[in-house]
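*Asks:* fold the following, please.
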Amino acid sequence: AKAELAHTDLAFTYSTRSKGRQVTHIAFEFKPVGSAGSPRALPSAPVEAWEAAVLAAGVSGKSLPQIREQLQAGTYDLGYVRYVLDTVSAQAKTGKVQKQGGAVFKALTKGYLLEDYQRTQQAPARVQRTANAAREQQRRKVSGELEDARKSLAFIQTADYYNAENRPGAIVEVEAKIAKLAEQLHQLSG
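*Replies:* Predicted coordinates:
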């Protein structure tokens, strides 16, 4: 086998490890050779962080150009790469994925997690819209209460029910409520 593979990309040498007279291990060392018999250049180190992360997940270096093409074509963004790495890693920890590199590669080239990723990207916008709607509803409520308090103040100042003894206390109480509501409205508007 060694002679047959000597002129291919799978040329190898081997050594044995023994314990006493018994061989316990055989270590194979494959030496890739180029067409001219010179050693092949090793692939260059990853240039970008996403490449290093994808390689660390077990994806082959040969697969990086396919992923890079999809990124450049705008099929997805770097956020999707991070999403895939995190999702597959979590699946691997729970035993749902056996070959993490293969699952990452497939998700990045076939896009089977893309729809989930896009939903997660829309979720913050929905949360913001919901928060804004709740804030607007609260602002309308406080504004209505402020209007009612101002009407109460006008009533206290003009109604015959109030006299010199009970009118000043009621006015102070309603003016304090108006000031508090005006401050709340200012905070909700700003």
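
*Asks:* just the pLDDT for L108.
*Replies:* Turning to L108, the model gives it a pLDDT of 90.

*Asks:* oops, could you answer that again for V127 instead?
*Replies:* 68.

*Asks:* could you list the buried residues of stretch 129-148?
*Replies:* Within stretch 129-148, the residues that qualify as buried are 142-143, 145-146, counting by 16 or more other Cβ atoms under 10 Å. All C-beta spots, glycine's among them, are computed from the backbone N, C-alpha and C.

*Asks:* next step: these restricted to helices.
*Replies:* Mapping the buried residues of stretch 129-148 onto helices (DSSP state H) picks out 142-143, 145-146.

*Asks:* can you list those residues in TSV and add pLDDT and distance to D160?
*Replies:* As requested, these are exported to TSV (pLDDT from 0 to 100; distance: Cβ to Cβ, whole Å):
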residue	pLDDT	distance to D160
V142	89	31
S143	90	30
E145	90	26
L146	90	26
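
*Asks:* show me which pair in these is furthest apart.
*Replies:* Maximum pairwise distance in those, criterion Cβ to Cβ, is 7.4 Å, between S143 and E145.

*Asks:* returning to what we had before: and which of the ones in helices among the buried residues of stretch 129-148 is nearest to F105?
*Replies:* V142 (54.4 Å).
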